[in-house]
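Q: dropping the sequence and predicted coords here.
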Amino acid sequence: MLKIKFSILGIITLLVFSLGFVSCEFFTTTSASSRTYHQSVQKVVFTDNTATVTFHNLSANSIYLVKVNTSENVAQAANTGRALNVSLDLIKNEAAPSRSLLPEPERALPKMGHPQARRFSADPPVILRSVHRSVELPVINPAILGDQKSFWVEEVFDTDRWTQKMSTLMATGKHGNIWVVNSNNRQITVAQARAIAERFDVIYPSTTNIFGYEFGGGPGGHGGVDGDPKVQILVYDINDAQGNPGVAGFFWGKDLLTQSQLNSIGMSARTNMAEIFYIDANILINAPEFIYSTLVHELQHMIHFNVKTVEHGIASETWYNEMLSMVAEDLVAPLIGISATNRSHPVQYRIPSFLEAYNQIGAAEWLGGSNIEETSNQYGVTYAFGAYILRNFGGPSLIRRISLNDTSGISSVSSALQEVADVTFEQALSRFGEAMIFSGESIPAGALTFDRTVSGSVSGTQYTATGFDIWSMRQARSSRMGPAVFSLTQMEMRPHSILVQSSNAWQNLSGSYSITLEKPSNANIELYLMVH
């Protein structure tokens with residue numbers, strides 16, 4: 001047996017190598033509140049089939065095993081490695097009594113987006129990818145208040161049965177026209193329409209400043225397919241006759257094509273030939289701030305479609321597109337008075353779903369699903385990863401680079417991360433687990449966390465993404481606080497996902513404690529031990 005001892009800045013590290021395992025011991029004389037990063041986070045390195053890590057001078061600390069699947073494939077449970085000689089009991093991750101509680105999130109969340117619109121954006125027809133700024137476009141007379149115009153909408157959401165609805169231009173601003181379908185059912189007021197126009201006049205420059213412009217928009221823009229430099233916003237009862245959870249709004253790229261073009265590719269959908277998105281009247285009446293945040297979300301989708309598909313001719317993965325829309329809300333919503341503690345901010349209505357279901361969906365996948373719980377979980381996980389890289393790897397400038405580069409998905413994120421922070425997507429994913437553990441008090445210097453406020457200026461506009469303590473937040477459908485912490489039983493792992501595990505035996509530890517782990521047979525699984 002070979003023993004090596006050395007001392008650096010008062011920390012003595014003893015490495016013990018013997019047949020069949022590597023043993024690592026970490027000595028510290030610091031208190032629980034002043035542990036360094038390397039005393040708190042250890043990547044488990046295997047030289048054989050097992051490795052043993054020993055932590056010393058623990059003071060009422062807890063230890064967590066974080067598994068990371070860095071690959072694009074599902075990892076079978078038996079291949080993910082495991083802890084040896086310890087109870088597999090599930091721990092109860094209730095918040096400490098001293099932690100303050102943020103407001104409980106809404107239980108019934110409106111949905112965003114349209115299933116067919118998502119598919120259209122993720123796999124756009126070739127005919128649309130060939131749209132250029134040189135095409136002949138109409139010259140229009142600007143609409144004036146009180147104008148009447150008919151728009152194609154579905155009779156019932158996502159049924160592909162179309163009808164025309166006469167609408168009135170109820171409000172207009174510098175950047176948007178607010179059209180309201182004429183109806184006796186949930187008709188919004190002029191004041192509500194004006195409020196949308198006023199918010200949108202702040203939202204539009206703040207969003208385009210980071211993400212780019214919609215087709216035909218921006219300085220010198222030609223006004224797009226309808227020749228109007230303003231974005232059209234149609235407010236109507238999207239969920240008429242459905243009786244299911246509401247759809248707050250959506251953008252659909254079909255509206256950039258003519259009807260003959262849609263017919264030529266076999267689509268029965270109807271086009272409104274405009275840069276337009278759709279907002280639900282009922283949700284606007286009952287939750288106006290949620291709709292204001294939705295305006296940011298859908299505007300990003302509209303811009304994204306132009307930048308990635310029309311300008312660069314590439315398809316855009318749904319997870320990636322949705323991540324950017326929710327990060328847009330994160331950055332722009334505070335500029336219209338929606339702070340990170342507001343129920344209509346994505347921190348409040350998306351993170352609770354992430355805390356509960358982060359292991360069910362990879363950071364770079366979109367599984368589909370029809371019910372509100374599945375959809376909320378996917379939004380939650382996708383947003384959380386975006387919120388994490390925003391707060392830890394470059395702030396608003398990182399998001400701008402992701403949005404404007406000529407790739408999509410993991411390649412786009414990785415390229416921007418390398419430019420700003422000299423890390424890849426996989427390297428950022430490998431440290432995602434730190435943000436699950438370190439929050440609130442006692443965050444080691446250098447640890448990555450959601451609980452970090454980041455501010456940055458882009459072309460003279462200041463943006464702030466507020467940090468938040470995930471251990472002070474309830475999971476979406478339970479009374480538990482913070483991220484779900486699973487027992488040490490081996491579990492299947494989704495592509496590009498993480499898993500946080502622990503045991504009752506690893507909680508509230510003092511003194512020294514050793515953990516022996518079995519090497520994962522899947523080479524794409526990384527193991528980390530974290531002390532908090």
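A: Okay, I see it.

Q: what's the helix or strand for the residue nearest in space to the middle of the chain?
A: Centroid-nearest residue in the chain: Y383, 1.1 Å away (criterion: CA atoms, centre = their mean). Y383 belongs to helix 372-392 when elements are defined using DSSP states H and E.

Q: contacting residues around S167?
A: S167 makes contact with Q148, K149, S150, F151, W179, V180, V181, N182, L234, Y236 under the criterion CB atoms under 8 Å, 6 or more residues apart in numbering. The C-beta positions use only the backbone N, C-alpha and C, and glycine is treated the same way.

Q: ok, now with 6 Å
A: By CB atoms under 6 Å, 6 or more residues apart in numbering, the contact list for S167 reads K149, F151, W179, V180, V181.

Q: out of those residues, who has the most neighbours?
A: Ranked by neighbour count (other CB atoms under 10 Å), the contacts of S167 have W179 at the top, with 29 neighbours.

Q: so how far is V485 from it?
A: To V485, W179 is 49 Å away according to CB to CB, to the nearest Å.

Q: what segments of the stretch 301-450 of the chain are helices?
A: Assigned by DSSP state H, counting those that start in this stretch, the stretch 301-450 of the chain shows helices spanning 318-332, 346-357, 372-392, 395-404, 409-421, 425-430, 432-437.

Q: out of those, the one nearest Q42 is which?
A: Among the helices of the stretch 301-450 of the chain, the nearest to Q42 by CB to CB is helix 432-437 (11.6 Å).

Q: how far out from the middle of the chain is the closest one?
A: Taking CA atoms, centre = their mean, to the nearest Å, one finds helix 432-437 lying 15 Å from the centre of the chain it belongs to.

Q: equivalent analysis for stretch 476-496, please.
A: For stretch 476-496 - counting by CA atoms, centre = their mean - the centre lies 18 Å from the chain centre.

Q: quick one: buried residues of it?
A: 476, 480-486, 488, 490, 492-496 (16 or more other CB atoms under 10 Å).

Q: picking up where we left off before, quick one: closest of the helices of the stretch 301-450 of the chain to G266.
A: helix 318-332 (21.4 Å).

Q: neighbouring contacts of the closest one?
A: For helix 318-332, using CB under 6 Å, 6+ apart, the contacting residues are 118, 122, 206-207, 293, 296-297, 300-301, 304, 346, 364-366, 382-383, 386, 390, 396, 399, 408-409, 463, 465.

Q: switch the cut-off to 7 Å
A: For helix 318-332, the surrounding residues in contact (CB atoms under 7 Å, 6 or more residues apart in numbering) are 118, 121-122, 203, 206-207, 210-211, 293, 296-297, 300-301, 304, 346, 350, 364-366, 379, 382-383, 385-387, 390, 396, 399, 402-403, 408-409, 412, 463, 465.

Q: what's near enough to touch S459?
A: With contact taken as CB under 7 Å, 6+ apart, S459 is in contact with N209.

Q: which SS class is M166?
A: What DSSP: H, G, I helix; E, B strand; the rest coil gives for M166 is strand.

Q: separation between it and E317?
A: To E317, M166 is 37 Å away according to CB to CB.

Q: more neighbours: those two, which one.
A: E317 (17 against 12).

Q: around the nearest residue to that one once chain neighbours are set aside, count how many other residues there are.
A: Distances taken as CB to CB, 6 or more residues apart in numbering place G409 nearest to E317, at 4.4 Å, with adjacent residues excluded. By other CB under 10 Å, 18 other residues sit near G409.

Q: okay, now the unreliable bits of the stretch 101-250 of the chain?
A: Residues of the stretch 101-250 of the chain meeting the criterion pLDDT under 70: 101-113, 115, 119, 123-139, 184-186, 240-245.

Q: run the last query once more with 80
A: 101-141, 158, 184-187, 239-246 (pLDDT under 80).

Q: where do the strands sit along it?
A: Using DSSP state E, counting those that start in this stretch, the strands found in the stretch 101-250 of the chain span residues 148-154, 162-172, 176-181, 231-236, 249-251.

Q: A274: which of the ones you listed is closest?
A: So among these, strand 231-236 is nearest, using CB to CB, at 4.8 Å.

Q: which helices and strands sit right next to that closest one?
A: Judged by 3 or more CB pairs under 7 Å, 6 or more residues apart in numbering; DSSP states H and E, strand 231-236 is in contact with strand 176-181, strand 276-280, helix 281-286.

Q: next, T271: secondary structure please.
A: Going by three-state DSSP: T271 is coil.

Q: before we move on, back to that, could I get the helices of the stretch 301-450 of the chain as a markdown table with distance to V45?
A: Putting these into a markdown table (distance: least, CB to CB, whole Å) gives the following:
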| stretch | distance to V45 |
| --- | --- |
| helix 318-332 | 31 |
| helix 346-357 | 29 |
| helix 372-392 | 24 |
| helix 395-404 | 30 |
| helix 409-421 | 24 |
| helix 425-430 | 13 |
| helix 432-437 | 16 |
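
Q: now the ones you listed in JSON lines, with mean pLDDT?
A: Shown next, in JSON lines, are the helices of the stretch 301-450 of the chain (pLDDT from 0 to 100):
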{"stretch": "helix 318-332", "mean pLDDT": "97"}
{"stretch": "helix 346-357", "mean pLDDT": "94"}
{"stretch": "helix 372-392", "mean pLDDT": "91"}
{"stretch": "helix 395-404", "mean pLDDT": "97"}
{"stretch": "helix 409-421", "mean pLDDT": "97"}
{"stretch": "helix 425-430", "mean pLDDT": "97"}
{"stretch": "helix 432-437", "mean pLDDT": "97"}
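
Q: quick one: contacts for A364?
A: Here A364 is in contact with W319, G409, I410, H496 (CB under 7 Å, 6+ apart).

Q: how close does the closest residue in space to it that isn't next to it in sequence get to A363?
A: Once flanking residues are discounted, A364 sits nearest to H496: 4.5 Å by CB to CB, 6+ apart. According to CB to CB, H496 stands 5 Å off from A363.

Q: give me the common contacts of those two.
A: With CB under 7 Å, 6+ apart as the test, H496 and A363 both reach L429.

Q: part of a strand, is S510?
A: Yes. S510 forms part of a strand when assessed by three-state DSSP.

Q: thought it was touching A60?
A: Yes. Contact status for S510 versus A60: in contact at 6.0 Å, counting by CB atoms under 7 Å.

Q: need the overlap of contacts for the two.
A: By CB under 7 Å, 6+ apart, no residue touches both S510 and A60.

Q: mind listing what's buried along stretch 57-75?
A: For stretch 57-75, by 16+ other CB under 10 Å, it's 57-58, 61-71, 75.

Q: endpoints of it, how far apart?
A: 35 Å (CA to CA, to the nearest Å).

Q: avg pLDDT for that stretch?
A: The average of the pLDDT scores along stretch 57-75 is 95.

Q: domain ranges for the chain, per the record?
A: 2-66+81-88+499-531, 124-314 (automatic domain parsing).
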